[in-house]
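> next comes the sequence, and after it the predicted model I'd like to discuss.
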Amino acid sequence: MSDRSFQGYATVEQIDGQGMITVRADLADPKVAAAFKKATGLAVPETGKATEDGMRVLAWMSPDEAMVFCPAADAGTITADLKSALARLHALVVDVSDARAAFTVKGPAAREVLAKLAPFDTSAASFAVGDFRRTRIGQIAGAVYMANDTDIGLVCFRSVGDYAWGILCASATQGSEVFA
Amino acid sequence: MSTRLSNGGRFLNRSRAVKFKFNGKNFAGFEGDTLASALLANDQMLMGRSFKYHRPRGVVASGAEEPNALMNLGAEGRFEPNARATTTEVFNGLVAGSQNHFPSLEFDVGAINAKLSRFLPAGFYYKMFIHPRPLWKHVYEPFIRKSAGLGKAPKAVDADRYEHFYHFCDVMVVGGGVAGLQAALAAGQSGAKVLLVEQTAHWGGRAPVDGVQIEGQPAQDWIDATVATLEGMENVTLRTRTMGAGVYDHGYALGYERVADHTPGDGRPRHRLWRVRVPQIITATGAIERPLSFAGNDIPGVMLASAVRDYVVNHGVAVGDRTVVVTNNDDAYRTAIVLKEAGLDVPAIVDARAKGGDALAIRAQELGIRVLTGKAVAKVKGGKRVTGIALCAQAGGGAVLEELACDAVAMSGGWSPVVHLWSHCGGKLTWDDAAAMFRPDGTRPPLGANGEGMVIAAGAANGHLATGQILHDGHKAGQAAAAATGHAALDTKAPTAFDATENALEPVWLMPQGAGYALRSKAWLDFQNDVKVSDVQLAAQEGFESVEHAKRYTTLGMATDQGKLSNINGLAILSKALNADIPDVGTTTFRPPYHPISMSSLAGEATKDHFQPLRKTPMHAWHDANGAFWEPVGQWRRPYCYKRKGEETAAAVAREVMNTRTNLGLLDASTLGKIIVKGPDAGKFLDMMYTNMMSNLKPGRCRYGLMCSENGFLSDDGVVARIDDDTWLCHTTSGGADRIHAHMEEWLQTEWWDWKVWVVNATEQYAQVAVVGPNARKVLEKLGGMDVSKDALPFMAWADGTLGGIDCRAYRISFSGELSYEIAVPAHQGQAFWDMLMDAGQAFDVMPYGTECLHILRAEKGFIMIGDETDGTVIPQDLGLGWAISKKKDDYLGKRAQERSFMDNPDRWQLVGLQTLDGSVLEDGAYAIADGDNANGQRNTQGRVTSTYHSPTLGHGIAMGLVHNGPNRMGEVIEFTGVERGNKKAKIVSPVFYDPDGEKQNV
């Protein structure tokens, strides 16, 4: 796997070096929130949202699961910090940076490209900047993050990275614009 | 003859000629033509042959309801059968061919069936071919299959792309006629998010053809202005060439967009399937004109009156020079007027009603058209085209009063609202006696999740045929749908329209009313499936009283047009034959899609390379470049073996086995599931999940474990490693990782929700390599970094460390019986680690090996494989795995089931090794035969083969199998079935063929 880029009517990029850490813990527990704050500097996000500081993103996966996105080089340190901050609580911290493939779909048509593959409402009214959503991408599980007005971050399992790349590029191919 | 008029044709761009081929001949049309209009413009009236009698058929309609003009379109990767000429837009280079004829459209051998039609009545096939039974399969069915069918099946790979599009809105309006436009406008103005779809390329529906005035202007002006307004609204999406295909439960609808059917090869997807989530759907789908049932109503040149009018106004095509209009209502007079105003001859309007028409009739007479009232068509004359009609009184039995020469007949039996989408999800219909139509019953709509109606029918689809009412109904529907989604309606009014006053329609289900058998057996109801009035009457007579039974017996409405023209006429005939009222007979069920849609649109992007997701390990590309012969394992692809140049598969497998046993083999084991389980209750949890004890496993050690379903059957297996006091790592089978992860989560979330256990599926975080063989330790020592000696890392232990500078976790486990390590490294370093091992391994004769070698190695050792030795009916005790079932535990999943009398029973088939007397290989799945037959006359069995291979190590066939009382029958010889090479005798032996004491793995 490596960095690659496809220029269609939206741009699809695969990103190498995306650090990811899965944390299982009760996100409603204030002590858990404090531990996140201590280890990542980020507040626990609301349901369906992510918090970020420009470098790191803390995403809501379920009431008892969160995902930290960070530069891959920092993943080891942050994992250790989280483990130590959560040591006295019931929690499981796993570095999963290598378990997933990460993509960005960029451009004004990014939402439209995603709407061909994911069965949820990708319009700005329903999927706003800062929203994070676990969904289905074609036939695979995935998660998407509306990073700003035009960039959608997307992760899926590593083994199906080529499949995700293929269907994202196909959906972004020139000529398949839904709203030209 | 049919011809192009010098003027008119509002859809045409006469400056753009289009060339196409039909049945190999060159034709010309204009941009804006449909294939049907372009063929008619070239006097090609004959467009196909019917299904059963191979009758010559021409186009009947001008839209999606067309039953006759079905075409094979395109070639090779763009070939498509059963396309309607009426919904196919022509383009330069289009290639079309008619269907269901041999040897040619003009001369067809199968037409002999028509001559035999009195011997081929309804139910003929059922009656004729039921006896003698065996002939069905070998004689009748192949023959019928050959003679049946319309288009040819495509053979080449589809050249086009397809895609899905998920769309969410408040209101979806299906149909872009004036009702749909007004509904979209009203809903949009209320602030609702609206999707408006129209199946054709044009907005406005029939209104411009019918010469309607809206707000005092020609309909087209109002349509243009309204479309412009809608296009300017941010909350409204408009889509032409997009058909509302189906309405489904929970506010779900499908739109079928034909993006590039008319521009093939332009790089756009051919079709796009809109998957719409929408709480309110408005069906403004219009109405379809009904044919009249008179003798010869299927002869080319007999068409729906509205279609005749459409071709003149929309395409500048005259279907005939002299067209007789036959009707039971006022609307068809519009056709006569349009024809007359286009300079064509209308010899007569034959109106079955004694009182005739109102304002339009007066206008027709002013134009000099002869209007006959109370009259009917006795029969149409002609073969491959109309030459004239014989007139009679509608009231009589068909005595001919007069004959008229003509080359076209425009018929109208009234209008049927298109209620399909309303009905898809359970919307009910009500019979409107005055209008002789089924219309949506607004008080019984299909219900959404909130128990409220989710579909509103509007306009002609709701049974309104006057423009003013249609606009009013559309407006009301738009406001209601918007209000239902929380958008207050503005105080706006529907536009007004002027409608000519009309006399009431009189239902005419048979023409003439007292037509005798000869006429009835030539009066077609279903053109595509060749069902006549006499067939439906016969079905009723033979007791097929339910409309659903009569439909299947006669095939009425079962063709690709799903009876859009025939259903109402058919059930009216049926009700009359049954002496019942039409509403008591009822309709057949309306099911999606409204009109056939392409299979490819349903597949969307899931074709070719994207047919299904392939899971690839971090070393996938290396395997591919190094001769991997792939095998699917779940959605993974794993190398079955690595073939060298010119090497046979079996030889490659044998080479890999021998090399691993004697030197060094590498297996990509990354696909094994790796599930991390942590928490204060994790030990307790794993003791429940596994049959054996996991809570007492020491950190740093591994244990092989079995998982069963609640029913006691073996479900998965793998090695569990205890990482620290409250953390375990569970290996699962390659195909089982996601399933077992879900299984664990389910028990934690639904049964043991108060247990403190977290589970994470970390399968893909690691690349895992099995380093196997007598040289395994040597190669790891050569990489260096951690102590892999027997003392530091004994059998069934694990340790973290580095190898060759890469952080890793080394498990000392063996699925081969050899000295073996499984090394997990971060996935992104997997390829580098593999390369290092291949490089360092050169000195130790390293070879990669695939799954078949893995299977043989484990089978030689008698290790079971989930999915081979298990099939969902096998418990661990059957497999001699009693040692892996804890006697100390109070409970584990499957324990109670395994205590049932038929489980805890020595009388079960149990695992043994099998060795053929001649050293050959038993067939996979072969049964061990026993004496005598069972109650069904089948040979008794006493066991079956579960795994079977040629063992390169031992030089003979080895197998494992489940045999009745097997372990107590060591040395006994039993016989196994052989489908390909005859039955074989095999001796019952221990399943452990190789190194029974385990000395090789424990070094």
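On my side now, so go ahead.

> burial of residue B:844, as a residue count?
17 (other CB atoms under 10 Å in any protein chain shown). In short, each C-beta sits where N, CA and C put it, glycine included.

> quick check, pLDDT for it.
What the model reports for residue B:844 is a pLDDT of 98.

> distance of it from residue B:397?
Using CB to CB, to the nearest Å, residue B:844 is found at 101 Å from residue B:397.

> contacts only, for the residue nearest to residue B:319 when sequence neighbours are not counted.
Nearest non-adjacent residue to residue B:319, counting by CB to CB, 6 or more residues apart in numbering or on different chains: residue B:408, 4.5 Å away. Residues near residue B:408 by CB atoms under 8 Å, 6 or more residues apart in numbering or on different chains: B:2, B:301, B:302, B:303, B:308, B:319, B:320, B:322, B:323, B:324, B:386.

> domains in chain A, by residue range?
A:4-15+A:99-172, A:18-98 (automatic domain parsing).

> point out the most buried one among those.
domain A:4-15+A:99-172 (a mean of 20; mean count of other CB atoms under 10 Å in any protein chain shown).

> that one vs chain B: in contact?
Yes. Shown here: domain A:4-15+A:99-172 in contact with chain B (CB under 8 Å from any CB of the partner chain) through A:99-100, A:115-123, A:126, A:138-140, A:157-163, A:166-167, A:170-171.

> which ones among those residues lie within helices?
Using DSSP state H, the members of the residues of domain A:4-15+A:99-172 next to chain B that fall in helices are A:115, A:161, A:162, A:163, A:166, A:167, A:170, A:171.

> which residue is the nearest non-sequential neighbour of the second one?
In space, and not counting its chain neighbours, residue A:161 is closest to residue A:101: 3.1 Å by CB to CB, 6+ apart.

> for the helix or strand encompassing residue B:245, which outside residues touch it?
According to DSSP states H and E, residue B:245 maps onto strand B:242-248. Residues from elsewhere that reach strand B:242-248 (CB under 8 Å, 6+ apart): B:64, B:172, B:174-175, B:197-199, B:253-258, B:274, B:281, B:283, B:285, B:421-422, B:424-425, B:446, B:455, B:592-595, B:597.

> now, which of those lie within strands?
Secondary structure defined by DSSP state E assigns B:172, B:174, B:197, B:253-258, B:274, B:281, B:283, B:455 of the contacts of strand B:242-248 to strands.

> and which of the residues you listed is nearest residue B:370?
Taking CB to CB as the measure, residue B:283 is the one of these closest to residue B:370, at 39.7 Å.

> what sits against the closest one?
B:174-175, B:244, B:247, B:418-419, B:421-422, B:440, B:455-458, B:461.

> could I get the residues you listed as JSON lines with pLDDT, neighbour count and distance to residue B:914?
Formatted as JSON lines, those follow (pLDDT from 0 to 100; neighbours: other CB atoms under 10 Å in any protein chain shown; distance: CB to CB, whole Å):
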{"residue": "B:174", "pLDDT": "98", "neighbour count": "34", "distance to residue B:914": "64"}
{"residue": "B:175", "pLDDT": "98", "neighbour count": "30", "distance to residue B:914": "68"}
{"residue": "B:244", "pLDDT": "98", "neighbour count": "32", "distance to residue B:914": "61"}
{"residue": "B:247", "pLDDT": "98", "neighbour count": "29", "distance to residue B:914": "58"}
{"residue": "B:418", "pLDDT": "98", "neighbour count": "25", "distance to residue B:914": "66"}
{"residue": "B:419", "pLDDT": "97", "neighbour count": "25", "distance to residue B:914": "65"}
{"residue": "B:421", "pLDDT": "98", "neighbour count": "31", "distance to residue B:914": "61"}
{"residue": "B:422", "pLDDT": "98", "neighbour count": "31", "distance to residue B:914": "64"}
{"residue": "B:440", "pLDDT": "98", "neighbour count": "25", "distance to residue B:914": "68"}
{"residue": "B:455", "pLDDT": "98", "neighbour count": "27", "distance to residue B:914": "63"}
{"residue": "B:456", "pLDDT": "98", "neighbour count": "29", "distance to residue B:914": "69"}
{"residue": "B:457", "pLDDT": "98", "neighbour count": "31", "distance to residue B:914": "69"}
{"residue": "B:458", "pLDDT": "98", "neighbour count": "33", "distance to residue B:914": "72"}
{"residue": "B:461", "pLDDT": "98", "neighbour count": "31", "distance to residue B:914": "69"}
